[in-house]
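Visitor: Here is my input, please return the structure:
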Amino acid sequence: MEIVAPGYVIRVDVARRLVTLKLLGFWTVETFDEYTSALKTLAAKGKTAGRSPEEYSVLVDLREHGLQSKEVAARIEQGLAEGANLQHPHAVLVSPSALHKAQAQRIGAPIAPGFFTDEEAAMKWLMAGAVVA
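Guide: Next comes the predicted model:
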């Protein structure tokens with residue numbers, strides 16, 4: 001399954017139990033809200049099919065995502081406070097940017113070992129710890 005929208009691409013590989021979130025460009029608050037809604041819809045479909053989000057590894061690709069405005073960063077932080085699970089044991093962020101790492105730390109995203117500068121290394125780490133049911 002794949003959702004392609006301005007600002008993000010969400011791919012779900014059921015066979016590998018992998019969700020890839022590719023974030024693109026600079027977001028508005030509306031883009032963040034649409035993205036959040038898309039994720040909630042996918043999670044609901046997964047639950048209906050008998051799957052929980054914890055059964056999937058998650059790769060968040062920030063390589064083409066700009067540093068976000070204070071307003072968007074605040075919405076992300078608010079979403080985390082309201083229950084988004086960035087402490088997921090099988091989730092990683094991918095970006096070569098030290099500024100992305102700093103912004104992720106500021107809003108409360110897990111950094112080590114979940115922050116990688118290289119997608120291949122991130123995938124290797126994810127697949128080594130992939131959840132098998």
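
Visitor: gap between the residue nearest to R17 when sequence neighbours are not counted and A5?
Guide: Spatial nearest neighbour of R17, excluding adjacent residues (Cβ to Cβ, 6 or more residues apart in numbering): Y56 at 4.8 Å. For glycine as for every other residue, the C-beta is placed from the backbone atoms N, C-alpha and C. Applying Cβ to Cβ, to the nearest Å, the value for Y56 to A5 is 20 Å.

Visitor: between these two, which one's more packed in?
Guide: Per other Cβ atoms under 10 Å, whichever of Y56 and A5 has more neighbours is Y56, with 23 against 12.

Visitor: ok, that one touching V19?
Guide: Yes: counting by Cβ atoms under 8 Å, Y56 touches V19, with 5.0 Å between them.

Visitor: what residues do the two have in common as contacts?
Guide: V12 (Cβ atoms under 8 Å, 6 or more residues apart in numbering).

Visitor: And the longest helix along the chain, what's buried?
Guide: Criterion DSSP state H: the longest helix present in the chain is helix 29-48. Using 16 or more other Cβ atoms under 10 Å as the test for burial, helix 29-48 gives T31, F32, E34, Y35, L39, L42, G46.

Visitor: in the very next helix or strand once past it, what counts as buried?
Guide: Counting by DSSP states H and E, the next helix or strand C-terminal to helix 29-48 is strand 57-65. Neighbour-count burial for strand 57-65 flags S57, V58, L59, V60, D61, L62, H65 (criterion: 16+ other Cβ under 10 Å).

Visitor: After the helix or strand of the chain with the lowest mean pLDDT, heading C-terminal, what element do we hit next?
Guide: Least confident helix or strand, the chain: helix 98-107 with a mean of 69, by mean pLDDT, DSSP states H and E. For helix 98-107, the succeeding helix or strand toward the C-terminus, using DSSP H and E, is strand 115-116.

Visitor: Cool, thanks, signing off.
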